[in-house]
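Q: Provided below for reference: sequence and predicted model.
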Protein chains: 2
Amino acid sequence: MVYSEKLLKKLLILHHLIQKNEWSLLELSWETGIPSDKLSKIIKEMSKNYLIKLENNKIIWSPADNPSTIRPWGWRLIHKVLVGSTQQVAKGYGPWSIVVAEYQLEGRGRYGRKWLSGLGGLWITASMSLSNEEAALLPIAVPVITLRSLETQFGINAKIKWPNDIIVDGRKVAGILIEAEAFPNRFITYVGIGVNVNNDISLEDATSVKNIVGSIVPRNKILATIIGWFSRIRKLVDDREELVKQYMNNLDTLNRRVIIETVQGTIEGVVVDVSEDGSIIVESKAKKISLDPSDVYKLRYID
Amino acid sequence: MVYSEKLLKKLLILHHLIQKNEWSLLELSWETGIPSDKLSKIIKEMSKNYLIKLENNKIIWSPADNPSTIRPWGWRLIHKVLVGSTQQVAKGYGPWSIVVAEYQLEGRGRYGRKWLSGLGGLWITASMSLSNEEAALLPIAVPVITLRSLETQFGINAKIKWPNDIIVDGRKVAGILIEAEAFPNRFITYVGIGVNVNNDISLEDATSVKNIVGSIVPRNKILATIIGWFSRIRKLVDDREELVKQYMNNLDTLNRRVIIETVQGTIEGVVVDVSEDGSIIVESKAKKISLDPSDVYKLRYID
């Protein structure tokens, strides 16, 4: 992977904006060593991905778009410009930490797949200490939380593509990666959520909140809602039935004809159910096959 | 210009090492979000350009190679990982500041030429408030100071290539850029010095201290010596005669046959003298031509 000079300049600028939402153009030029004419051009470009504006020679980043301005009660929020991956950073902090990064060098999804995490998106990992029962429900709870956040904040009608992609009109808007470390009586879970918010989208089967809503949105609306739900995670998983109902109601994958790539080979069939433990039931050639999320490498709709 | 993922990781690592010379491998992996196996590989690679070692799972950066550990009396030292250019950053601080950067996105030399400033080199700008007479001698004083620093610290026998390149065996080891802002009674001068210390060299006509000495050297030896001379700059320029003598004694360009590209055209001839004001006197076709440094775009030896 190679990076442009412009990206490095943007990261350098974000490094300063994170600390202070407002700078005079001259002052930021001084601090970064980027001449002010170039700086103002770059800021204008950044305003396509961030709620940043240049007005009367002042550079202003909306606090609602700067995660560093959030102080969630009971959480430690770590906001960095550049990281290997938020999952990895989160593993260095105790539970009830949220790591937010502006750019990931090694962002990844399930199966270590490269996850593109460009400027303007929301790339977070939340670490939580949960009982085994609570942790077991995360694969169902996290997509529901992500989906609800987009719905309540922006009225977006998103769906879940099994196991836990969040899609709008068939296009991926958010991805989830759940990892955990087991301890005798509990799990330390690392919940990674990547939301395409105001970042540019290069893939055909992806979209962003910006594209759906039609304008740049303040990321903290999503971030604060997600953290709020995580704070109530125990309550949420307590009502297991309601949670499963919500997951199923929003599942886009039921009754769809699919091609599934598994570790053993490829299966074509119709999804007829999702079981309590999160497995998918596919009817193929009059046989019912149960597939665990960890067996499935790729699921593609063909209707 | 494009940059590799590895460079960004190195910048991220330096960002942390600048603050603390010693990290456990695990701790730095946590902070950066780079998995520890990858991190140890990158650290090993960085040890070719920095006095950094990985020992017993500890990452140690020699304080003698970390400019942040220097506290020069009477100066403000600003050490940054990434900047547009040190010249530009220095213009944002008052006089008697030294800006040191590990990497410049827009490093430049005379005529705005791109100056490659890779990891492990010494890229600095010192700003000084000087009288008009003092400032006028900088073009002679700075090459002498740079040359002396290399000589006293490492016994390197460097020469000056007019107007102010520092060369060893015909290869450039350091470059100088002097800029100034004029005020009624004085100049604020910005003296940029780039020394190829432990950085990799890609150009044929360049070399580095590492290559000359045969091993990586602690950059602060050079940095501290240069700052020491700058602190005594008034004394140095007070004895103008001695300074000019030193400049002339170390000038490699006298009596050389050269091709000079000027704004007006190309001249071939022999350098017969350098005048008091820093102009070069070239004898070409039995005519003596005086050239100001600002007229000369490029000077090449042809003997």
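A: That came through, no problem.
Q: Please, where are all the helices along the stretch 151-300 of chain A?
A: Taking DSSP state H, counting those that start in this stretch as the test, the helices found in the stretch 151-300 of chain A are A:209-213, A:219-231, A:233-238, A:240-249.
Q: What are the neighbouring residues in contact with A:Val195?
A: By C-beta atoms under 8 Å, 6 or more residues apart in numbering or on different chains, the contact list for A:Val195 reads A:121-122, A:146, A:150, A:166, A:173-174, A:209, A:222. Every residue, glycine included, has its C-beta placed from N, CA and C.
Q: Try it again at 6 Å.
A: A:122, A:174 (C-beta atoms under 6 Å, 6 or more residues apart in numbering or on different chains).
Q: and if you look at A:Ser149?
A: A:Ser149 touches A:222, A:225-226, counting by C-beta under 6 Å, 6+ apart.
Q: three-state assignment of A:Leu138?
A: helix (DSSP: H, G, I helix; E, B strand; the rest coil).
Q: so how far is A:Phe183 from it?
A: 16 Å (C-beta to C-beta, to the nearest Å).
Q: Of those two, which one has the most company?
A: More crowded of A:Leu138 and A:Phe183, by other C-beta atoms under 10 Å in any protein chain shown: A:Leu138, with 21 against 10.
Q: Just give the closest residue to the more buried one, not the sequence neighbours.
A: A:Ile178 (5.3 Å; C-beta to C-beta, 6 or more residues apart in numbering or on different chains).
Q: The one you found reaches A:Ile193, doesn't it?
A: No - with contact defined as C-beta atoms under 6 Å, A:Ile178 does not count as touching A:Ile193 (9.5 Å).
Q: Between those two, point out the one with more neighbours.
A: A:Ile193 (26 against 20).
Q: How much space separates that one from chain B?
A: A:Ile193 is 16 Å from chain B, where distance means C-beta to the nearest C-beta, to the nearest Å.
Q: Could you say which helix or strand holds the closest residue to chain B within the stretch 51-200 of chain A?
A: Sorted by distance to chain B under C-beta to the nearest C-beta, the residues of the stretch 51-200 of chain A start with A:Gly92, at 2.3 Å. Of the helices and strands defined by DSSP states H and E, none includes A:Gly92.
Q: For the closest residue to A:Lys288 other than its chain neighbours, give me the pLDDT.
A: Leaving aside its sequence neighbours, A:Lys288 sits nearest to A:Ile281 (C-beta to C-beta, 6+ apart; 5.7 Å). Looking at A:Ile281, its pLDDT stands at 92.
Q: pLDDT weak spots in the stretch 1-150 of chain A?
A: Residue ranges of the stretch 1-150 of chain A with pLDDT under 70: A:109-115.
Q: which bits of it sit near chain B?
A: Residues of the stretch 1-150 of chain A found near chain B (C-beta under 6 Å from any C-beta of the partner chain) are A:1-5, A:8, A:12, A:30, A:32-34, A:82-85, A:88-89, A:92, A:105.
Q: next one: the stretch 201-303 of chain A
A: Counting by C-beta under 6 Å from any C-beta, the stretch 201-303 of chain A has no residue next to chain B.
Q: Spatially nearest residue to A:Asn196 (excluding sequence neighbours)?
A: Once flanking residues are discounted, A:Asn196 sits nearest to A:Ser208: 3.9 Å by C-beta to C-beta, 6+ apart.
Q: Thought A:Ser202 was touching that neighbour, still the case?
A: No - if you go by C-beta under 6 Å, A:Ser208 and A:Ser202 don't touch, sitting 10.8 Å apart.
Q: Count the neighbours of A:Asn249 for me.
A: 11.
Q: measure it to chain B for me?
A: Shown here: A:Asn249 relative to chain B, a distance of 36 Å by C-beta to the nearest C-beta.
Q: tell me which residues of stretch A:215-226 are tucked away?
A: Across stretch A:215-226, burial judged by 16 or more other C-beta atoms under 10 Å in any protein chain shown covers A:216-226.
Q: Between A:Ser208 and A:Ser202, which is the more surrounded one?
A: Shown here are A:Ser208 and A:Ser202; by other C-beta under 10 Å, A:Ser208 has more neighbours (25 against 8).
Q: Quick check: the more buried one vs A:Ile166, distance?
A: 12 Å.
Q: swap in A:Glu106?
A: Counting by C-beta to C-beta, the gap from A:Glu106 to A:Ile166 is 22 Å.
Q: So the two - more neighbours on which side?
A: More crowded of A:Glu106 and A:Ile166, by other C-beta under 10 Å: A:Ile166, with 28 against 21.
Q: what sits opposite the more buried one in the beta ladder?
A: Assessed by DSSP bridges, A:Ile166 has beta-bridge partners A:Ile160, A:Ala174.
Q: Tell me which residues touch it, please.
A: By C-beta under 6 Å, 6+ apart, A:Ile166 lies in contact with A:146-147, A:158, A:173-174.
Q: what does A:Pro63 give?
A: Each residue near A:Pro63 by C-beta under 6 Å, 6+ apart is listed here: A:21, A:69.
Q: go with 8 Å
A: Contact analysis of A:Pro63 by C-beta under 8 Å, 6+ apart lists A:21, A:69, A:220.
Q: pLDDT at the last one, what is it?
A: Spelled out, that is A:Asn220. Reported pLDDT for A:Asn220: 97.
Q: Surely it and A:Ser68 touch.
A: No - A:Asn220 is beyond contact range of A:Ser68, at 9.8 Å (criterion: C-beta atoms under 8 Å).
Q: Need the residues touching each of A:Ile178 and A:Ile193.
A: Contact with both A:Ile178 and A:Ile193 is made by residues A:Val142, according to C-beta under 8 Å, 6+ apart.
Q: For the residue nearest the centre of chain A, name its beta-bridge partners.
A: The centroid of chain A falls nearest to A:Gly194 when counting by C-alpha atoms, centre = their mean (1.7 Å). As for beta bridges, A:Gly194 partners with A:Trp123, A:Gly175 under DSSP bridges.
Q: give me every residue that touches it.
A: Neighbouring residues of A:Gly194 by C-beta under 8 Å, 6+ apart: A:107, A:109, A:115, A:117, A:121-124, A:174-177.
Q: just curious, which of the residues you listed is nearest to B:Trp73?
A: A:Trp123 (44.3 Å; C-beta to C-beta).
Q: Can you report how many residues lie near the closest one?
A: A:Trp123 has 25 neighbours, counted by other C-beta under 10 Å.
Q: wait, it sits on A:Ser117?
A: Yes - using C-beta under 8 Å, A:Trp123 is in contact with A:Ser117, at 4.7 Å.
Q: what's the overlap in contacts for those two?
A: Residues touching both A:Trp123 and A:Ser117 by C-beta under 8 Å, 6+ apart: A:101, A:103-104, A:107, A:194.
Q: Turn those residues into TSV, columns for secondary structure.
A: Compiled in TSV, the shared contacts of A:Trp123 and A:Ser117 are given as follows (three-state DSSP):
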residue	secondary structure
A:Ala101	strand
A:Tyr103	strand
A:Gln104	strand
A:Gly107	coil
A:Gly194	strand
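Q: Filter those residues down to just the buried residues.
A: Buried members of the shared contacts of A:Trp123 and A:Ser117, scored by 16+ other C-beta under 10 Å, are A:101, A:103-104, A:107, A:194.
Q: still on that earlier bit, my guess is the residue nearest to A:Leu138 contacts A:Phe187. True?
A: No - using C-beta under 8 Å, A:Ile178 makes no contact with A:Phe187, being 10.1 Å away.
Q: Strands of the stretch 1-150 of chain A, start to end?
A: A:2-4, A:22-24, A:52-55, A:58-61, A:76-83, A:97-104, A:122-131 (DSSP state E, counting those that start in this stretch).
Q: hey, which of the ones you listed is tucked in deepest?
A: Among these, strand A:97-104 has the highest mean neighbour count (mean count of other C-beta atoms under 10 Å in any protein chain shown), at a mean of 24.
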